[in-house]
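Undergrad: Give me a model of this one.
(4 chains, ligands or ions: 4)
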Amino acid sequence: MATTTMAAALGSGLRRAMEDDPRVVLLGEDIGRLGGVFRVTDGLQRDFGADRVMDTPLAEAGIMGVAVGLAYRGFRPVVEIQFDGFVYPALDQMVTQVGRLHYRTGGTVRMPVTIRIPYGGGIGAVEHHSESPEAYFAHTPGLRVVSCATPQDAHTMIRQAIACDDPVVFFEPKRRYWVKGSVEDEVLDDALPLDRARVVVEGTDVTLVAYGPLVVTARDAALAAADDGLSIEVIDLRSLSPLDLDTVETSVRKTGRLVVTHEAQRSGGLGAEIAASITERCFSLLHAAPVRVTGFDVPYPPAKLEEHFLPDLDRLLDAVDQVMGRQHSLTGWSA
Amino acid sequence: MATTTMAAALGSGLRRAMEDDPRVVLLGEDIGRLGGVFRVTDGLQRDFGADRVMDTPLAEAGIMGVAVGLAYRGFRPVVEIQFDGFVYPALDQMVTQVGRLHYRTGGTVRMPVTIRIPYGGGIGAVEHHSESPEAYFAHTPGLRVVSCATPQDAHTMIRQAIACDDPVVFFEPKRRYWVKGSVEDEVLDDALPLDRARVVVEGTDVTLVAYGPLVVTARDAALAAADDGLSIEVIDLRSLSPLDLDTVETSVRKTGRLVVTHEAQRSGGLGAEIAASITERCFSLLHAAPVRVTGFDVPYPPAKLEEHFLPDLDRLLDAVDQVMGRQHSLTGWSA
Amino acid sequence: MLRSDVSDGRALPTTEEPPDPELVQLLAPDGTRRADPVYDAWVEDVDAERLLSLYEDMVVARRFDVEAVALQRQGQLGLWPPLLGQEAAQIGSARALRPDDFVFTSYRENGVAYCRGAAPVDLVRVWRGNALAGWDPWAIGMATPQVMIGAQTLHATGYALGCAKDGVDSVAVAYFGDGATSKGDVHEAMVFASSFAAPVVFFCQNNQWAISEPVGLQSRHPLADRALGYGIPSVRVDGNDVLAVMAATRVALDRARRGEGPSFIEAVTYRMGPHTTSDDPTRYADPEVREQWAAQDPIVRVEQHLHTRGALSEDRAQEVKEHAEAFAMELRDATYGMTAPEPLTVFDHVLVQPSAELERQRSQYAAYLAMFEGTSGGDE
Amino acid sequence: MLRSDVSDGRALPTTEEPPDPELVQLLAPDGTRRADPVYDAWVEDVDAERLLSLYEDMVVARRFDVEAVALQRQGQLGLWPPLLGQEAAQIGSARALRPDDFVFTSYRENGVAYCRGAAPVDLVRVWRGNALAGWDPWAIGMATPQVMIGAQTLHATGYALGCAKDGVDSVAVAYFGDGATSKGDVHEAMVFASSFAAPVVFFCQNNQWAISEPVGLQSRHPLADRALGYGIPSVRVDGNDVLAVMAATRVALDRARRGEGPSFIEAVTYRMGPHTTSDDPTRYADPEVREQWAAQDPIVRVEQHLHTRGALSEDRAQEVKEHAEAFAMELRDATYGMTAPEPLTVFDHVLVQPSAELERQRSQYAAYLAMFEGTSGGDE
Ligand SMILES: Cc1ncc(C[n+]2csc(CCOP(=O)(O)OP(=O)(O)O)c2C)c(N)n1
Ligand SMILES: Cc1ncc(C[n+]2csc(CCOP(=O)(O)OP(=O)(O)O)c2C)c(N)n1
Ligand SMILES: [Mg+2]
Ligand SMILES: [Mg+2]
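TA: Numbering: from 1, shown residues only, chains lettered A, B, ... in the order given. Ligands and ions are numbered 1, 2, ... in the order given. Okay, the predicted model is just below:
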């Protein structure tokens, strides 16, 4: 049991996966000699060689299509997309190939490709370096989509993703890369399955669903609300597709109130799917309409404005007030 | 006032737009000499020349990026994507360029690009020729997304889209191309604005929201339900982004019941956004949770199975039963 | 002044008229065997008997292709992309491969699939609308057809990289069209293949058309020259000459097996039919050019050559015809015999481990269908 | 046997060491003027005075670039991509343009922006995080920097097509790096440009690196050769020679203006600094190679040449220095003087006509912010 950053936990997870299975190969821009712009793959090329940790030409569609070919040949490719905004050139291969080959071939061809994407804002970056494109992939059949929120989950989930026979789009909350936590070299069979959400704070008044970078914020909100006499149950979604709606439903059946948060733009974001699905499942038990706390429907703004785009503690608490039917609530529709 | 097919109505709309504004140019694969694989652009290259109706190399990212450059130079490019499934290679330029340049440049650079996409299933086609990718674009800030359902709307809306200073992704329901209707050469100023939904059947019991190919099906459902003593209000959404939620809200305030339908996959589809938004707006007035009737969460299946993927009259009626709290309802969560 | 100046201004693009003297050609259209100092050695083993076997393959391919077009006209298939005219390009290249090589193609390569061992029923499954893939890729060493133009060239490159990693001398072959060369994917495939010296053969069938667009719209310059810019050796070969195609493919395969990386072959041919059965080439193609190409027929020249050599007896010719006929009839019967897939299979194989949500959708839909059975099928 | 065989197996990729004798070079590193039968004519008008002006531009560019790096170190800028070493490539090309030409670049082309007329404050706005674009494209004939690698080459091609449609002889210029050449977008740009003979100049600054990746990983072959495959004439020029760069750019512009279509220029240079201020090149770059390139400095050679011609008096040198200093100080002051944008501007300019939903989000957020003013700012 060691205390490490999430970035290091991902690195050790990748290392472990490569040790466990010689068919695991890494592809990406600057992941080799440099160790990745976030140093997640630091030391891996040195230790496993350039044949298993490949710096590739600067071409994301190429990286993804080549990964498909490697998977055809029986490899388990792990692709790094350098930043969220650079996934779009690879989206075609992801949607029409990676996510479909299993269905297309009636289960004959498997695509155990893991696609790592450092994502989200809050790091003061330039354009295309702070985005949350997960909804595109969660709407795409045939892809699993996950996001980790702690070093332990980062380590375990990346290993689970690589071991999974389905393609997994793995969203890493880059602004939490340097947050430390204890990390155990978990036995995968004992770990919570990759497609399951986790209740990280138990509570009885409001269910607050978050994932990736906002799980920390959601926990903080639960703490702050507790001071205010409110009991918030925080769920770390972990799997964005398929969604673990059973876990959310169980919670909402108890609380009768739902707040969902993500950095991605509101319209058509995951919050809509969760709100709609939970409304279907718990309609008669809901005390208030589910509330979404999300990025606004604008492109990711320049760094000096990102605090006015990203959900934060106060906006979460405001939403909690709203589902509680309290005064001064200003987010959501009914303002 | 003439009776024509939707394909012809689109063609005459394009022709009219080209006559009205010499800066309108058309780009796409096989749109020139062939007149497009659906013949929508038939005769336009002959009449306006190859300089304004350009057959392009087979490269969708290229087409889209070149359209951006033409828009920079003051043209109003109209791009044809040959089939829905071929938009993915162009998605990067659409998301990161077409939809962002106005925001990026603080309003200095406008992108009046119209992107025509024949979409949807029901024509017995091979893979990648029957898809409904609208949710990807509706989640993308900076893009307007619309879909037409009648020849008249096809004609008017394509002209409005081209005249619009924002980029418009224009989804054409290809299986309705040959449906006929009367088409008037409308004065644009008199027409319903491009971002507004339309109530196509008035009713009091259930609000049924559809767009594109399923508007016809929704009307049929309203007729069938009337025989059964149910009054269904059918809304043709027309604008998929931004959504005209006011029109839907007004209807649901009356009916207290909402069914939304689309061909696209359920998870993360537009139905989720509409259900979630209307629940926020009308929570206390709803008699039942909104129900979605959509494609299943599978890739578009082979032609012989598409009837088991696509929403149809019976599935709509089943959903209507469900929101009415009737027996034998089998779609939706509570089954 | 700059290195070369070949652009010919803004003239309208055209297709090429045959013949182009710069192409590698071993069998002239009239059946004459042309000597070639380089390529002859690569088909030395192709004696009359083997050439006859290639001839037979081409006849079979043409025959079942015609049959499939007929089946489409009868409504038995939803669509078919004819290979008419491209028999030599497909058979000559595919017959150069080893079983352990792996092939990635587009939709038109049914002649290649036949050579790899696809059964008649496998060839029609997709076009009847019964499935999204026609055969088991592992069984015949060939991925199922790719509809997204150009995408498969990257898959082939990745597969080839995997072969190199595995230390085997198997080769990946990517088939694609002239239109595909415009796609970014094909470029990126060549970038990766060159960078990593991947054992892949890029086999471009330049059939002069991308639906209605002539090759001159994609490029004002021979497509094979593109490869040189990546440092990938390339060759233009008479795509209607089965021997020349086989020779060039063998050279490229040999290079790849020896660890010398990718090659690019442009097989110059002509699409004699419509793009697919849905297409109407009278709107754009010049029938005179088609006539010129008809005189270059890939099958006729082998026939003539074999006749000259006295190697095609009437009996043998009859045998070939019968074999072709039998295959076509098998394909026909398979088509008619195919029943629609079971409704609930629409939910199968999205993920290896189905999601709870999809299982819910499946069971609800099953219950929904059962409801209809109850109401309408009570007396069955 | 196949047309060329240049692949050198699976060796690890490297960057190039200078000098490459095949490059067009008019000014040697020691300041000697090399005669060139072709390119001399294109810089005939560049007398000592004009060369001095180019020299001044380069000195200014280097100076403000250093200043920006310092500002980043002080926390005044979030990031900066230094152009150190690429002054000749940027100034020599940008000074060949007319005001009515239009430029599309990546993020590193601050020297180009300076030539086009960007003010100091325009150069830092993006890097301070205040805006997504630094200047008004229409004011200086230059699009704002593109972060998506390669995307701008298509925009330039489209713009160029528009110029041709408009019947003007303006030219679009696309700047991009060696890494960008791997992208599908750049390929598709060349395909379109060639097909439509678009008046566009593809200007590739091969600075040997794409972050940590040496150019040899993108290509085992000179990048300029890629263009030939499309029928686009190309040239490799010493990118540290401002005169040679200008000459080559003028040739390409002239071609485009005469309706002869696109050209490709590879300016071979070296990125002397880190990729950006966030980068640590000690992890991957060989300091010895950097030293060799330092001896090729683009500014020193012009200085030497001007000295030899007696055209750079001490007074004049001082003047240049002061001008550079003044620009850098303006940039510094502008940076310090920049205030954060108003919170609600986050909602501006998504669409030309804002949507009702976004207006709702804006007004709710305004009310939300006002709530805090109420609680915390009562006594202001
Ligand atoms: C990405 C993509 N864009 C468009 C299409 C539509 N389409 C199908 S075939 C075709 C032409 C292909 O031409 P070519 O590559 O020369 O192959 P050929 O049909 O001649 O064999 C087009 C444009 C497609 N299938 N995929
Ligand atoms: C599509 C895309 N992928 C990845 C990146 C991340 N990235 C930024 S700069 C860069 C290297 C670019 O190299 P080059 O084109 O040679 O330009 P240079 O930085 O040398 O000027 C990379 C990979 C990006 N900006 N865009
Ligand atoms: Mg073709
Ligand atoms: Mg570079």
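Undergrad: Tell me who's in contact with the residue of the stretch 101-250 of chain A found nearest chain B.
TA: Taking C-beta to the nearest C-beta, chain B has its nearest neighbour within the stretch 101-250 of chain A at residue A:139, 3.4 Å off. Where C-beta positions appear, they are placed from N, C-alpha and C, glycine not excepted. Taking C-beta atoms under 8 Å, 6 or more residues apart in numbering or on different chains, we find residue A:139 in contact with B:135-136, B:264-265, B:267-269.
Undergrad: let's go with 7 Å and repeat that
TA: Shown here is residue A:139, whose contacts under the criterion C-beta atoms under 7 Å, 6 or more residues apart in numbering or on different chains are B:135-136, B:265, B:267-269.
Undergrad: And the residues you listed, which is closest to residue A:108?
TA: residue B:265 (22.6 Å; C-beta to C-beta).
Undergrad: What about the closest one? Give its phi and psi, please.
TA: When read as degrees, to the nearest 10, the backbone of residue B:265 gives phi -50, psi 150.
Undergrad: Tell me the bridge partners for it.
TA: residue B:295 (DSSP bridges).
Undergrad: Tell me the spacing between it and residue D:239.
TA: Distance from residue B:265 to residue D:239, counting by C-beta to C-beta, to the nearest Å: 50 Å.
Undergrad: Of the two, which one has the most company?
TA: residue D:239 (32 against 23; other C-beta atoms under 10 Å in any protein chain shown).
Undergrad: Quick check: the more buried one touching residue D:249?
TA: No: applying C-beta atoms under 7 Å, one finds residue D:239 not in contact with residue D:249, separated by 11.3 Å.
Undergrad: For residue C:154, give me its contacts.
TA: A:62, A:65-66, A:68-69, C:185, C:188-189.
Undergrad: Please read the previous query as pertaining to residue A:127.
TA: D:132, D:147.
Undergrad: Quick check: it is in a helix.
TA: No: under DSSP: H, G, I helix; E, B strand; the rest coil, residue A:127 sits outside any helix and is assigned coil.
Undergrad: Look up how far residue B:139 lies from it.
TA: Taken as C-beta to C-beta, the span from residue A:127 to residue B:139 is 18 Å.
Undergrad: same question, residue C:333
TA: 48 Å.
Undergrad: And for residue C:145?
TA: Applying C-beta to C-beta to residue C:145 and residue B:139 gives a distance of 31 Å.
Undergrad: Same question for residue C:94.
TA: Counting by C-beta to C-beta, the gap from residue C:94 to residue B:139 is 44 Å.
Undergrad: all strands of the stretch 151-300 of chain A, in order?
TA: Listed in chain order, the strands of the stretch 151-300 of chain A (DSSP state E, counting those that start in this stretch) span A:168-173, A:180-183, A:198-201, A:206-210, A:232-236, A:239-241, A:258-265, A:291-295.
Undergrad: Out of those, which is the most enclosed?
TA: strand A:206-210 (a mean of 29; mean count of other C-beta atoms under 10 Å in any protein chain shown).
Undergrad: quick check, that one touching chain B?
TA: No: on the criterion C-beta under 7 Å from any C-beta of the partner chain, strand A:206-210 is out of touch with chain B, staying 13.0 Å away.
Undergrad: same for that strand, what does it pack against?
TA: In this structure, strand A:206-210 makes packing contacts with helix A:214-227, strand A:232-236, helix A:245-255, strand A:258-265, helix A:313-323, judged by 3 or more C-beta pairs under 7 Å, 6 or more residues apart in numbering or on different chains; DSSP states H and E.
Undergrad: nearest to residue B:74, of those?
TA: strand A:258-265 (29.7 Å).
Undergrad: how about the CA coordinates for that closest one, as PDB?
TA: Taking C-alpha atoms only, strand A:258-265 is exported to PDB below (Å, rounded to 0.1, in the frame of the first residue of the first chain):
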ATOM      1  CA  LEU A 258     -31.300  13.800  -7.500                       C
ATOM      2  CA  VAL A 259     -28.600  16.200  -8.600                       C
ATOM      3  CA  VAL A 260     -26.200  15.200 -11.400                       C
ATOM      4  CA  THR A 261     -23.100  17.100 -12.200                       C
ATOM      5  CA  HIS A 262     -20.500  17.100 -15.000                       C
ATOM      6  CA  GLU A 263     -18.200  19.600 -16.700                       C
ATOM      7  CA  ALA A 264     -19.500  18.800 -20.200                       C
ATOM      8  CA  GLN A 265     -22.100  21.100 -21.700                       C
END
